[in-house]
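Colleague: I would like the atomic coordinates for the input below:
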Amino acid sequence: QVQLTESGGGLVQPGDSLRLSCAASGGDISLYAMGWFRQAAGQDREFAAVISPSGHSTTYAESVRGRFTISRDNAKNTVFLQMNNLKPEDTAVYFCARGNFNSAVARNYDYWGQGTQVTVSS
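Modeller: Below you'll find the model as predicted:
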């Protein structure tokens with residue numbers, strides 16, 4: 001079965017940038033939508049961004065639109081989340097997930113990574 005491994009998280013200051021990666025193994029993700037979700041401490045998991053299998057269609061949560069960019073490299077079985085102008089409220093564990101279609105709803109995703117911590121603090 002497919003395994004998703006996130007990387008690239010860390011501690012940054014407000015205004016900084018980070019690029020998260022999600023590497024898939026054990027399966028080909030090129031036919032699937034891939035999403036990024038995040039979960040802050042004590043809060044529910046929330047949608048951040050999703051990209052279609054071809055990469056031609058993307059959707060963002062209002063809270064990250066214009067600052068985050070999702071992309072994918074199907075040849076490398078990897079999905080990325082470029083995060084610019086980070087804010088303290090972006091602090092969360094970030095998860096990538098595989099879905100059958102572009103969706104902002106977590107239950108529509110069947111495989112999830114373990115997450116990578118992003119902390120934005122001065």
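
Colleague: my guess is V12 meets Q117, correct?
Modeller: No - when contacts are counted by CB atoms under 8 Å, V12 is not listed as touching Q117 (11.2 Å). Just so you know, the C-beta spots here come from the backbone N, C-alpha and C atoms, and that holds for glycine as well.

Colleague: quick one, which of the two is more surrounded?
Modeller: V12 (18 against 12; other CB atoms under 10 Å).

Colleague: Distance of the more buried one relative to Q82?
Modeller: Separation of V12 from Q82 (CB to CB, to the nearest Å): 13 Å.

Colleague: ok, now A104?
Modeller: Taken as CB to CB, the span from A104 to Q82 is 19 Å.

Colleague: do the same with A97
Modeller: Remark: distance between A97 and Q82 (CB to CB) = 18 Å.

Colleague: Which one's more surrounded, the two?
Modeller: A direct count of neighbours by other CB under 10 Å for A97 and Q82 places A97 higher, at 24 against 15.

Colleague: hang on, that one in a helix?
Modeller: No - using DSSP: H, G, I helix; E, B strand; the rest coil, the secondary structure at A97 is strand, not a helix.

Colleague: got the contact list for the closest residue to it other than its chain neighbours?
Modeller: With CB to CB, 6 or more residues apart in numbering as the criterion, A97 has its nearest non-adjacent residue at 3.7 Å, and that residue is Y109. Y109 makes contact with 35, 37, 97-99, 103 under the criterion CB atoms under 8 Å, 6 or more residues apart in numbering.

Colleague: make it 7 Å
Modeller: 35, 97-99 (CB atoms under 7 Å, 6 or more residues apart in numbering).

Colleague: The residues you listed: which two are farthest apart?
Modeller: Distance extremes for the contacts of Y109: the farthest pair is G35 and R98 at 8.0 Å, using CB to CB.

Colleague: the more surrounded of these two?
Modeller: The neighbour comparison of G35 against R98 (other CB under 10 Å) goes to G35, with 28 against 21.
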